[in-house]
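In: Could you look at this predicted model? Sequence included:
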2 protein chains.
Amino acid sequence: MTEPTARRRSGGRASRQAARASAAIDSVPFLTRTLKPFEVMGEEGLALIEENADTLLEEVGVVISYDYALNLFREAGASVDGEVVRFPRGMLRQIVQATAPAQYTQHARNASRSVEIGGDHTVFAPNYGSPFVRDLDGGRRYATIRDFNNIVKMTYMTPYLHHSGGTVCEPVDLPVNKRHFDMVYAHLKYTDKPFMGSVTAPERAQDTVDMAKIVFGEDALETKTVITSLINANSPLAWDETMLGAARVYAENNQAGIFTPFILSGAMAPVTVAGTATQTLAEALVGMAFAQLVRPGAPVIFGSFASSMSMQTGAPTFGTPEPSLVLYTVSALARRLGVPFRSGGGLCGSKIADAQAAYESAATMSATVLGGVNFVLHTAGWLEGGLAFGYEKFVLDVDQAGAAHTFVKGVDLSENGQAMDAIRETGPGNHFLGSTHTLANFEDAFYRPTTTDNNSYEQWLEEGEVDSRTRANKIWKDQLGSYEPPPLDDAIDAALVDFMEQRKASFPDSNV
Amino acid sequence: MTEPTARRRSGGRASRQAARASAAIDSVPFLTRTLKPFEVMGEEGLALIEENADTLLEEVGVVISYDYALNLFREAGASVDGEVVRFPRGMLRQIVQATAPAQYTQHARNASRSVEIGGDHTVFAPNYGSPFVRDLDGGRRYATIRDFNNIVKMTYMTPYLHHSGGTVCEPVDLPVNKRHFDMVYAHLKYTDKPFMGSVTAPERAQDTVDMAKIVFGEDALETKTVITSLINANSPLAWDETMLGAARVYAENNQAGIFTPFILSGAMAPVTVAGTATQTLAEALVGMAFAQLVRPGAPVIFGSFASSMSMQTGAPTFGTPEPSLVLYTVSALARRLGVPFRSGGGLCGSKIADAQAAYESAATMSATVLGGVNFVLHTAGWLEGGLAFGYEKFVLDVDQAGAAHTFVKGVDLSENGQAMDAIRETGPGNHFLGSTHTLANFEDAFYRPTTTDNNSYEQWLEEGEVDSRTRANKIWKDQLGSYEPPPLDDAIDAALVDFMEQRKASFPDSNV
């Protein structure tokens, strides 16, 4: 909340209006929350989970199939037995707290789009990792690089996504071992928002770093973090060489990693909230500490992805109460640890952008916003437990992200916010529609949804009883139709293309 | 949250399983929240709003078009100038705090379904007041008493609605001045959950009281509250004889009133959150104090219904951030005042149960549950800004209400909840599907959604690509098809019918 009687400018809304006026290529700033996060347990409960995580790390240990990491941890004081690493109580926490930044700037190639990750900030990024896409016209199909570019462009054009994301969909029309070039190129060419790098092999991480250097300058990465990448654990309690190898490349280059236990409770963790949170903390600590051992001070994000599962079928379920409780719990653990936190998004199990998808996505996003998540993957477009990116779902989710910008500002308690003169002027039994105060606040009064129909029933009927998916279909087509790329220096573009062509020609295509 | 290491029984889930087993006519208990409500401002902000409400009551005053109320307030110390009543600072708060109960039991005719209203409890009631209904088969049409009875029956059969509500839809096939008989009869005959009474005229409130006496006993109402009714203000700052007259009847008979400013911000209140909250507090204080002056100790609920509006069209909008902020604010004001709070529900502007409806309803329900609302009207079925009750929407909303039961329990920190043995037993790299802990928690592990499809894409495709509305359509039909009424003594039933027939015959039909 703002201070009572302190008048304030609603810069976000003004920016949004500007955004609407200039074909929506301006962005609004990432969220800066004024409200305290919602808490689902007190200090005692959080301390218990930390104790338990230490017990797991000490007694059960973590399997790490990467010699380099085994050596680092051994040198740092861990006990290494084959690939099983056990950690003295508190060791990993101490390593992380000693050097990991509580907050960092991820620089965009357009400086006005750089984001702050950590603290009271929340940064929204789109969907990640789907091999399929769906739209109302073509139904469900394998994703291609064309879809990938479309998503990057749509993300660029929406003011409510602050970050371009990474594998916004999986371009399965390109060879597995070369598609990262085209993905990174899209994030550098079709948008000027910050982006994520390849993590499917250490050399692909290196390619990402090399391409970033072409754009940001050879030495720029030493002082600037320009890539944040997603490093998943092999839950339960295991990390592999592929992911940690990619993490190593990024950390060595001062770039950020999101260390995320990816957990379907009941399969990769116990079925309980506390058990899942405990295991998540233990696993994430290993990843974050690894990055600090590679390069003290390299930015890390504590990641948590947790879903529940159908006990009848074993299928993952989303938007249920338990994952929200996990999110709130782990968010509090991350704050206690003092590092940025990634979780949440518009997660759902539904195959289409129907009511199920919306209820589920809203449940997850509510916890995301109220829980104080700092970096949000999957903010928009997620369908089918992540298997598909939905074009219409993307548009609908973006509207929810927009609403969050207004919500997190809290209640305006300035004189204008108190509105006492408005009530005095209007008086009992009259209406406020034409009051001085209403007219003065006309532009900024309420968040303006971009996808909803609030017309009368009769007007809605006359206009063809259009549902929200059909409205969304028109919106993304209009958006792509009016897309114009942000400026990129021709020489830099040519250098990127040249780099990709040389690298692609230097080894054969492969789909592993 | 529960105490660490305290083992506890999850009675709610056990009850739900029992409910599933016995055709869902059992109910689960109303919610008892273990989590602290989400707060959007501190003490200072809340005190400022209270100060401002006092200023409105002192300077601007409230129009009360009801001589009986004018006299009561004059005698209590207010200044009455024509119909404008001005109140010394703090007077209404003092009246309310002196005698209004912080919590009360609303007794149901089946004692096991009585509910606690206030404190940490949340009671869910269905939709209220819609003149239209909609279902997938018949589309949108005027509501009839058949629809009304259907909704009462469906509400009876769902474990997640604890209260039968009141005007669950408006049975427009019956004369306006007599339909209350059939509505109250439905709540006494087709269900044994607690209910709401007629408020459209004082004599209809009296009929409600008289019918309740037939069921509960002539003298029972003196010691038991068996009716809770909805008394709306004529915002801004006005109360009329119809509503206060009905409120008087209920208060005189020791029955509860929900005193609710019904506000479309921008029309009936300023466009700001703080202004709307201030006016809501001022108006509600008048209504609640009136009830206390009629009969000290009569149960009252502080009500708030606030929506935003489209500044382009003037249409009400739902599920936007501002009404959520109003809800959180007024909920905190009600806690400070020390009375139960009513707000929220599954509110939306959408005409159909599409993604818009779900996003909007979820946004409102999230605030409802996290804000600590005690009595929730419109939990299920609301469409079109309240103009229509949706059969499918009802089913989908009920599933969300079900999830809230699990959420509000918070995180189980018992030994079973901590699940350390499960992680020890499973170990790194293995899965938990067959672990002792998973099997032991199989039945209770996760909330089981009733309306979602989490099957594989292929299975969903094979089953006809069914969306959530279509699944919901089948559910309500199955529910009504298997409905059986709760037992009601034949003599009581006959007395109710006799009462209604005599009263209906005693005056002519009218549609005003």
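Out: Received it, and whenever you're ready, just let me know what you need. Residues are numbered from 1 along each chain as shown, chains lettered A, B, ... in the order given.
In: confidence score at residue A:442?
Out: Looking at residue A:442, its pLDDT reads 88.
In: Just the closest residue of the stretch 351-500 of chain A to chain B, please.
Out: Distances from the stretch 351-500 of chain A to chain B, computed as CB to the nearest CB, single out residue A:419 as the nearest residue at 2.9 Å. For the C-beta atoms, the positions are set from N, CA and C on the backbone; glycine is no exception.
In: measure that residue to residue A:438 for me?
Out: Relative to residue A:438, residue A:419 is positioned 9 Å away (CB to CB, to the nearest Å).
In: list residues touching both of these two?
Out: When contacts are counted by CB atoms under 8 Å, 6 or more residues apart in numbering or on different chains, the set common to residue A:419 and residue A:438 consists of B:270, B:271.
In: Which one's more surrounded, these two?
Out: For residue A:419 and residue A:438, the more surrounded residue by other CB atoms under 10 Å in any protein chain shown is residue A:419, and the numbers stand at 31 against 24.
In: how about the closest residue to residue A:144 other than its chain neighbours, what does it touch?
Out: Sequence neighbours aside, residue A:173 is the residue nearest to residue A:144 in space, at 4.3 Å (criterion: CB to CB, 6 or more residues apart in numbering or on different chains). With contact set as CB under 8 Å, 6+ apart, residue A:173 has these partners: A:142, A:144, A:145.
In: Confirm residue A:173 sits in a helix?
Out: No: Residue A:173 is assigned coil when assessed by DSSP: H, G, I helix; E, B strand; the rest coil, not a helix.
In: distance of it from chain B?
Out: Between residue A:173 and chain B the distance is 20 Å, computed by CB to the nearest CB, to the nearest Å.
In: all strands for the stretch 201-350 of chain A, in order.
Out: According to DSSP state E, counting those that start in this stretch, the stretch 201-350 of chain A carries its strands in the segments A:228-233, A:238-240, A:256-264, A:300-303, A:305-309, A:316-317, A:341-342.
In: Tabulate those in CSV, adding columns for mean pLDDT.
Out: Written out in CSV, the entries for the strands of the stretch 201-350 of chain A read as follows (pLDDT from 0 to 100):
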stretch, mean pLDDT
strand A:228-233, 98
strand A:238-240, 97
strand A:256-264, 97
strand A:300-303, 98
strand A:305-309, 95
strand A:316-317, 96
strand A:341-342, 98
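In: For the nearest residue to the residue of the stretch 351-500 of chain A closest to chain B once chain neighbours are set aside, list the residues it contacts.
Out: Ranked by CB to CB, 6+ apart and with sequence neighbours excluded, the top spatial neighbour of residue A:419 is residue B:275, at 2.9 Å. Applying CB under 8 Å, 6+ apart, we find residue B:275 in contact with A:417, A:418, A:419, A:420, A:422, A:423, A:437, B:265, B:269.
In: Without its sequence neighbours, what residue ends up closest to the residue of the stretch 101-250 of chain A found nearest chain B?
Out: Of all residues in the stretch 101-250 of chain A, the one sitting closest to chain B is residue A:237 (3.8 Å; CB to the nearest CB). Closest residue to residue A:237 apart from its sequence neighbours, by CB to CB, 6+ apart: residue B:428 at 3.8 Å.
In: how many other residues sit next to that neighbour?
Out: By other CB under 10 Å, the burial measure for residue B:428, its neighbour count, is 21.
In: In a helix, it, correct?
Out: No: if the criterion is three-state DSSP, then residue B:428 is coil and not within a helix.
In: That one touches residue A:233, doesn't it?
Out: No: if you go by CB atoms under 8 Å, residue B:428 and residue A:233 don't touch, sitting 10.3 Å apart.
In: which residues do the two both contact?
Out: The contact lists of residue B:428 and residue A:233 share no entry, where a contact means CB under 8 Å, 6+ apart.
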